[in-house]
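Novice: structural data only, the sequence is not supplied:
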């Protein structure tokens, strides 16, 4: 059996190694148009910033090392230019010699990946305009910085690469501005949770121009002007386009393979395309979202590796199936960690799901043990069934651990109420006896049992201020004085029982505190005394962070603050 693989990196290299482990006799040939067959995409920004100093650390395998271990012919600087399913061959060009030839196959795996989205805008081809996707892109940016010592950069786009690159360029002492058409960074997060990411970026000097549309680029004064719609241009010494990626599927299209979302390759759960004997894996393929069941594109290394393994299994006579992607991801944002899994509230509603969420601010470990820091968790679930749909966490220590627990719970089909039952490891330096994941489960169980009723950030502006409801802040007098929501009265929770006479039992009570705990206790006191009570999800800390961010983005003049 002869297997030809188009593209290396995560999916292709994984498939090649797996085929060899399953079939010692198979002939395996990989064509990779770049000079690198297996490299760490996610590490590229950290090489530019000097965190990773040796460029060889980026290349996980060389053609020589791969052949030595697996006897796989890794042909770098070879580009596949056409696929001929009728005669089971591919056309190949040796990019170093110009030689053109055809290579036959019994099975073909397409792992072309994705390419940086290149908008059709004036000035896209300027020398000081870069993209970051390959090792070659990385070396190009690194060399430009080393030779020209730029003082400023504009990054167009607000996803993983842009944030990681922003951090690394700031560490080099550069002024960095991120310009993004949506009014938030990191679309896997809901806007309210993204506000914490925005705050961390600003705290480290990254300017955010959110809600702005890039219309082109012009060389000016030795640098580049980034032209914005209805706004003054942003000037910088260099610009990096990081506005997303598109599946690189022109070969598949020309060969007549069925295409799906955004031109991606349609595959079944065995990673088989619409054409016999041709498989496809990685960033170029359309997959099912594990939570919503919708067809999606998710460009992440983990799924690509799994898909490469599954294609290899099936080529070698196995019966492996890809059960869908849920988008689990984590990113370092300067000192902060932000992570998500499943579907966020925004996208769940777009998918037609009737959802609710809980927001909590637990400590990373036991409060009495030194060094604990607050994290903010948002857990999304389906109202009627309490099916666990997704989660987002921003914080410091322990964020990655909790998101992986929640990702596993989603994959296992657990209900959100069952999070309370998870038996999780505890020691004071690592967690609390009530782990944050358990705490989320306790809160959702309270909702399911009618013990807890919530009100959310979206309700803040619509709550009546005509006296028909009671708006109650249960923080201390000092906390209330430092900031509160207009229309709320202050009765500290520890004084509430003695001051119940100040409240009207005929009116629903909407309660808030700093994190949601004291207001929950207040609600139990009120409910036990005949009041109808609703607790604010997230607390004033959450409300203040989100509204401050909204203020910076939307109303610079009214707020008296710098928009970026």
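Specialist: That came through fine. What you see is a predicted model; the values in this text were computed from it and never measured. Numbering: from 1, shown residues only.

Novice: for residue 252, grab phi and psi.
Specialist: phi -60, psi -40 (degrees, to the nearest 10).

Novice: who's in contact with it?
Specialist: Applying C-beta atoms under 8 Å, 6 or more residues apart in numbering to residue 252 gives the contacts 83, 110, 112, 259, 265, 273, 280, 284. (Glycine included, C-beta is placed from N, CA and C.)

Novice: in JSON lines: the residues you listed, plus neighbour count and pLDDT.
Specialist: Below are the contacts of residue 252 laid out as JSON lines (neighbours: other C-beta atoms under 10 Å; pLDDT from 0 to 100):
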{"residue": "83", "neighbour count": "23", "pLDDT": "98"}
{"residue": "110", "neighbour count": "32", "pLDDT": "97"}
{"residue": "112", "neighbour count": "25", "pLDDT": "92"}
{"residue": "259", "neighbour count": "18", "pLDDT": "97"}
{"residue": "265", "neighbour count": "27", "pLDDT": "97"}
{"residue": "273", "neighbour count": "24", "pLDDT": "98"}
{"residue": "280", "neighbour count": "30", "pLDDT": "97"}
{"residue": "284", "neighbour count": "30", "pLDDT": "94"}
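
Novice: save those residues as TSV, and put in distance to residue 131 too.
Specialist: Listed next are the contacts of residue 252 as TSV, based on distance: C-beta to C-beta, whole Å:
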residue	distance to residue 131
83	26
110	22
112	16
259	23
265	22
273	27
280	23
284	17
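
Novice: and residue 29, helix, strand or coil?
Specialist: Classification of residue 29 using DSSP: H, G, I helix; E, B strand; the rest coil returns strand.

Novice: now do the contacts for it.
Specialist: Here residue 29 is in contact with 2-5, 72-73, 75, 103 (C-beta under 8 Å, 6+ apart).

Novice: same check, this time on residue 205
Specialist: Counted by C-beta under 8 Å, 6+ apart, residue 205 has contacts 170, 175-176.

Novice: just put the residues you listed in JSON lines and tack on pLDDT.
Specialist: Formatted as JSON lines, the contacts of residue 205 follow (pLDDT from 0 to 100):
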{"residue": "170", "pLDDT": "96"}
{"residue": "175", "pLDDT": "97"}
{"residue": "176", "pLDDT": "97"}
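
Novice: out of those residues, which is most surrounded?
Specialist: The residue in the contacts of residue 205 with the most neighbours, by other C-beta atoms under 10 Å, is residue 176 (24 neighbours).

Novice: in a strand, it, correct?
Specialist: Yes. Checked against three-state DSSP, residue 176 lies within a strand.

Novice: OK, contacts around it?
Specialist: Going by C-beta under 8 Å, 6+ apart, residue 176 touches 152-155, 166, 169-170, 205-207.

Novice: go with 6 Å
Specialist: 153, 166, 169-170, 206 (C-beta atoms under 6 Å, 6 or more residues apart in numbering).

Novice: now residue 524: which helix or strand?
Specialist: Taking DSSP states H and E as the criterion, the element that holds residue 524 is helix 517-528.

Novice: can you point out the buried residues in that helix?
Specialist: Residues 517-523, 525-527 are the ones in helix 517-528 that count as buried (16 or more other C-beta atoms under 10 Å).

Novice: which of those sits closest to residue 181?
Specialist: For the buried residues of helix 517-528, the closest approach to residue 181 (C-beta to C-beta) belongs to residue 519, at 36.7 Å.

Novice: any idea how many residues pack against the nearest residue to residue 123 once chain neighbours are set aside?
Specialist: Computed as C-beta to C-beta, 6 or more residues apart in numbering, the closest residue to residue 123 that is not its neighbour in sequence is residue 217, at 3.2 Å. Using other C-beta under 10 Å, residue 217 has 23 other residues around it.

Novice: part of a strand, is residue 217?
Specialist: Yes. Counting by three-state DSSP, residue 217 is found in a strand.

Novice: quick revisit: how far off centre is the helix holding residue 524?
Specialist: Distance, stretch centre to chain centre, for helix 517-528: 35 Å (C-alpha atoms, centre = their mean, to the nearest Å).

Novice: contacts for it, please.
Specialist: Taking C-beta under 6 Å, 6+ apart as the rule, helix 517-528 contacts 474, 493, 496, 509, 511-513, 533, 535.

Novice: adding secondary structure, neighbour count and pLDDT, write these out as TSV.
Specialist: Shown next, in TSV, are the contacts of helix 517-528 (DSSP: H, G, I helix; E, B strand; the rest coil; neighbours: other C-beta atoms under 10 Å; pLDDT from 0 to 100):
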residue	secondary structure	neighbour count	pLDDT
474	coil	28	98
493	helix	21	98
496	coil	20	98
509	strand	21	98
511	strand	28	98
512	strand	28	98
513	coil	24	97
533	strand	23	97
535	strand	29	98
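
Novice: which strand or helix spans the most centrally placed residue in the chain?
Specialist: Using C-alpha atoms, centre = their mean, the residue of the chain that lies closest to the mean C-alpha position is residue 188, 4.5 Å off. Residue 188 belongs to no helix or strand when assigned by DSSP H and E.
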